[in-house]
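Participant: predicted model and sequence follow; I will ask about them next.
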Amino acid sequence: MKVMVIVKATASSEAGEMPDPALMEAMGQYNEELVKAGIMQNGDGLKPSKEGFRVRFDGNSREVNRGPFSATSELIAGFWIWEVKNLEEAIEWVKRCPNPMPESSEIEIRPFYEMSDFADIPGVGDTLKKEDEMRQQIALRAAQTNTYLFLGNRTEEALKYYEQHLGAVIHMMMRFSESPDPIPEGAIPPGAENGIMHAEFSVGTTKLFASDGCGESAAPAGFSLAFTVATAELAHAAFDALADGGEVTMPLQQVFWSPLYG
């Protein structure tokens, strides 16, 4: 389930006081734990309400008011968006959070509505369908596409060269011999066990994948594109669309490095 974790404003946050370095470091470590656990989807701090506006609606009229706003404890100073198993898990993670303010503070947890929550409302079937299609379009626009280089038996050599001369950063590099799953018999030629099965690196702001491949060619053999989406539903939809009229060289399936890959 998806939840918003809301950091309530305090007198210091409304005054625009910056956190001390120790708190920033502690919150940074906490956010890193959230990311590693696969829970955090987004998060940010908000400027004091004096920097914001409110628009009041009354029929067709629109009244714009500038902050600051009263009732400090009801204002928001920051938020996270988390994907958790249940509210109990969210509560446990919030209890581990450093106090985000120099004074006493409060963090609120609110679950998002899901489309199924509206299913019993009469006559909303078409609206829910359109809403779901819109959400899928938004999710697809957030997908990542990475160039996947196949460099024969020279991946390790190439990445070291890029590292030295292009300032490349190597994020991971796994050999066939390091695979947690056995390599199928005949998938790679004899003696290729020490080759690079998969590597990820970045040059500047561009992230790339690379591999020695499975022995198709000793020379660099061009590239593929790795299209990464957020859910299994989107993965199946995108894969099926590309497979229609295309050639499937590997069916979409669970593998040790991904819930779905094909």
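Facilitator: Thanks, I have the structure now. Residues are numbered from 1 along each chain as shown.

Participant: got the buried residues for stretch 28-39?
Facilitator: 30, 34, 39 (16 or more other CB atoms under 10 Å). In short, each C-beta sits where N, CA and C put it, glycine included.

Participant: the second one and residue 43, how far apart?
Facilitator: Same thing as residue 34. 8 Å (CB to CB, to the nearest Å).

Participant: common neighbours of those two, please.
Facilitator: Residues touching both residue 34 and residue 43 by CB atoms under 8 Å, 6 or more residues apart in numbering: residue 80.

Participant: contacts for the helix or strand of the chain with the lowest mean pLDDT?
Facilitator: Lowest on mean pLDDT, DSSP states H and E among the helices and strands of the chain sits strand 223-228, with a mean of 82. Strand 223-228 has contacts (CB under 8 Å, 6+ apart) with 143-150, 209, 238.

Participant: is residue 121 in a helix, a strand, or coil?
Facilitator: coil (DSSP: H, G, I helix; E, B strand; the rest coil).

Participant: now for it: which residues touch it?
Facilitator: Counting by CB under 8 Å, 6+ apart, there are no residues that residue 121 touches.

Participant: do the same with residue 50
Facilitator: 14, 16, 66-68.

Participant: ok, now how distant is it from residue 147?
Facilitator: 46 Å.

Participant: can you pull out the strands in the stretch 151-262 of the chain?
Facilitator: Counting by DSSP state E, counting those that start in this stretch, the stretch 151-262 of the chain has strands at residues 169-175, 196-203, 206-211, 223-228, 253-255, 258-261.

Participant: okay, now the residue nearest to residue 143 when sequence neighbours are not counted: neighbour count?
Facilitator: Excluding the flanking residues, the one nearest residue 143 by CB to CB, 6 or more residues apart in numbering is residue 229, at 4.6 Å. A count of neighbours around residue 229, defined by other CB atoms under 10 Å, yields 19.

Participant: same thing with the one 10 residues further on?
Facilitator: Other residues near residue 239 number 19, with proximity taken as other CB under 10 Å.

Participant: repeat that for residue 135.
Facilitator: Neighbour tally, residue 135, other CB under 10 Å: 12.

Participant: check which helix or strand covers it.
Facilitator: Per DSSP states H and E: residue 135 is located in helix 125-141.

Participant: got a list of contacts for whichever helix or strand comes after that helix?
Facilitator: Under the assignment DSSP H and E, the closest C-terminal helix or strand after helix 125-141 is strand 144-150. Under the criterion CB under 8 Å, 6+ apart, residues 155, 158, 206-213, 216, 220-228 lie in contact with strand 144-150.

Participant: rounded mean pLDDT for strand 144-150, please.
Facilitator: Taken as a whole, strand 144-150 carries a mean pLDDT of 88.

Participant: tell me how many other residues crowd the closest residue in space to residue 156 that isn't next to it in sequence.
Facilitator: Once flanking residues are discounted, residue 156 sits nearest to residue 196: 5.6 Å by CB to CB, 6+ apart. Here the number of neighbours of residue 196 (other CB under 10 Å) works out to 23.

Participant: and residue 196, how far is that from residue 109?
Facilitator: Distance, residue 196 to residue 109, using CB to CB: 43 Å.

Participant: what do you get for residue 59?
Facilitator: Where residue 109 is concerned, residue 59 sits at a distance of 34 Å (CB to CB).

Participant: and those two? Which one has more around it.
Facilitator: More crowded of residue 59 and residue 109, by other CB under 10 Å: residue 109, with 16 against 5.

Participant: enumerate the beta-bridge partners assigned to the more buried one.
Facilitator: residue 5 (DSSP bridges).

Participant: begin at 16, not 1, for the rest of this chat.
Facilitator: Noted, 16 is the first residue going forward, which turns the last one into residue 124.

Participant: surely it and residue 102 touch.
Facilitator: Yes. Residue 124 is in contact with residue 102 according to CB atoms under 8 Å; the separation is 6.7 Å.

Participant: now do the contacts for the residue nearest the centre of the chain.
Facilitator: In the chain, the centroid-proximal residue (CA atoms, centre = their mean) is residue 56; its distance is 5.6 Å. Neighbouring residues of residue 56 by CB under 8 Å, 6+ apart: 17, 96-98.
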